[in-house]
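> Okay, predicted coordinates and the sequence, questions at the end:
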Amino acid sequence: MKITEHIYVVGGGKWGFGISHEIDCNVFMIDTGSGLVLIDAGTGLDPERLDANIESHGFSVKDIKAVVLTHYHGDHACGAARLQTLSGCEIYAPELEAQAILTGDEKATSVALAKGGLYPADFVYPKSAHVAEVKDGEMISIGNLVLKAYLCPGHSLQDMVLFAQIDGKNCLFSGDFVFAHGQVLIQCLPDVSLSPYAEAMRRIAKLPIEAIFPGHGVFCLENGVSFVEKAVESFDKGLLPQQLYYFT
């Protein structure tokens, strides 16, 4: 699905657009003029569906230059190793989560807890050949695309949101940090942290966000900062923002 001149959505399951495996996150593709960048990679299950979506826009998996992972949960990250093998692309991930992605650490990523539930019982978190560690404030540049990374603990150990100007809009790829109407996804996992989550949300609310592209559910092309501001309103009252209703 083409969203803007250079941004596409090529993956998403039952909590998104229903165009790839049912538990895939939204996978966004950016044409940089010098190859493709994927924001997240899905589960790696039924991968031919993701490939077909990329090819339907006249591209190939081999055109992928980078996969930028917002965090290490399996529905976002487990498709990356295969794409790296096929294309030779670099995988970028938050610095404190990169090692778990590299080694396929199912305990650290909470995949082990979700086997037989969210994930099939025989699901395997694949190891990657190389994962580049991204620090807070670091710029990732590929072709004419420059992504600024903000590391935001809360939903996971170190969620990464990505800010860029694309097609004349200030865009935020928010992963599972924040969703439509200020919803969040707080799970009973060891890497969830609430006070740092609130502080990170206040920080991101200061960005001049127009378009916002969450890891599940709908995206928005105007006034995307309102999603973040609504979550901040709840945190500022000492309350939790509304839970992502797809998962409740």
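Structure received. Worth saying up front: this structure is predicted, and the values here are computed from it rather than measured. Numbering: from 1, shown residues only.

> What about Leu240, how many residues nearby?
Leu240 has 14 neighbours, counted by other Cβ atoms under 10 Å. The C-beta positions use only the backbone N, C-alpha and C, and glycine is treated the same way.

> for the least confident helix or strand in the chain by mean pLDDT, packing partners?
Lowest on mean pLDDT, DSSP states H and E among the helices and strands of the chain sits helix 111-114, with a mean of 95. Judged by 3 or more Cβ pairs under 8 Å, 6 or more residues apart in numbering; DSSP states H and E, helix 111-114 is in contact with no other helix or strand.

> first vs last residue of stretch 10-27, how far apart are they?
Length of stretch 10-27, first residue to last, Cα to Cα, to the nearest Å: 6 Å.

> which residues sit against that stretch?
1, 9, 28-29, 38-43, 45-46, 49-50, 53-54, 57, 75-76, 79, 118-119, 175-176, 213-217, 219, 244, 246-247 (Cβ atoms under 8 Å, 6 or more residues apart in numbering).

> This protein: helices as residue ranges?
Counting by DSSP state H, the chain has helices at residues 47-55, 74-77, 80-87, 98-103, 111-114, 194-204, 225-236.

> Mean neighbour count, those helices: which tops it?
helix 74-77 (a mean of 28; mean count of other Cβ atoms under 10 Å).

> Give me the distance from that helix to the chain's centre.
Relative to its chain's centre, helix 74-77 lies at 8 Å (Cα atoms, centre = their mean, to the nearest Å).

> What lies in contact with it?
13, 23-25, 40-43, 69-71, 93, 101, 109, 111, 114, 118-119, 123, 125, 175-176, 215.

> all strands of this structure, in order?
Counting by DSSP state E, the segments of the chain that form strands are 7-11, 27-31, 36-39, 64-68, 90-94, 132-134, 139-142, 145-152, 159-166, 169-175, 211-214.

> Serialize these to TSV and add fields for distance to Val225, mean pLDDT and mean neighbour count.
Shown next, in TSV, are the strands of the chain (distance: least, Cβ to Cβ, whole Å; pLDDT from 0 to 100; neighbours: other Cβ atoms under 10 Å):
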stretch	distance to Val225	mean pLDDT	mean neighbour count
strand 7-11	18	98	24
strand 27-31	18	98	25
strand 36-39	19	98	28
strand 64-68	21	98	24
strand 90-94	22	98	24
strand 132-134	23	98	18
strand 139-142	21	97	15
strand 145-152	14	98	20
strand 159-166	11	98	22
strand 169-175	8	98	24
strand 211-214	8	98	25
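
> Can you lay out those as JSON lines showing distance to Ser234?
Output for those, formatted as JSON lines (distance: least, Cβ to Cβ, whole Å):
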{"stretch": "strand 7-11", "distance to Ser234": "27"}
{"stretch": "strand 27-31", "distance to Ser234": "26"}
{"stretch": "strand 36-39", "distance to Ser234": "26"}
{"stretch": "strand 64-68", "distance to Ser234": "28"}
{"stretch": "strand 90-94", "distance to Ser234": "24"}
{"stretch": "strand 132-134", "distance to Ser234": "28"}
{"stretch": "strand 139-142", "distance to Ser234": "31"}
{"stretch": "strand 145-152", "distance to Ser234": "16"}
{"stretch": "strand 159-166", "distance to Ser234": "18"}
{"stretch": "strand 169-175", "distance to Ser234": "16"}
{"stretch": "strand 211-214", "distance to Ser234": "17"}
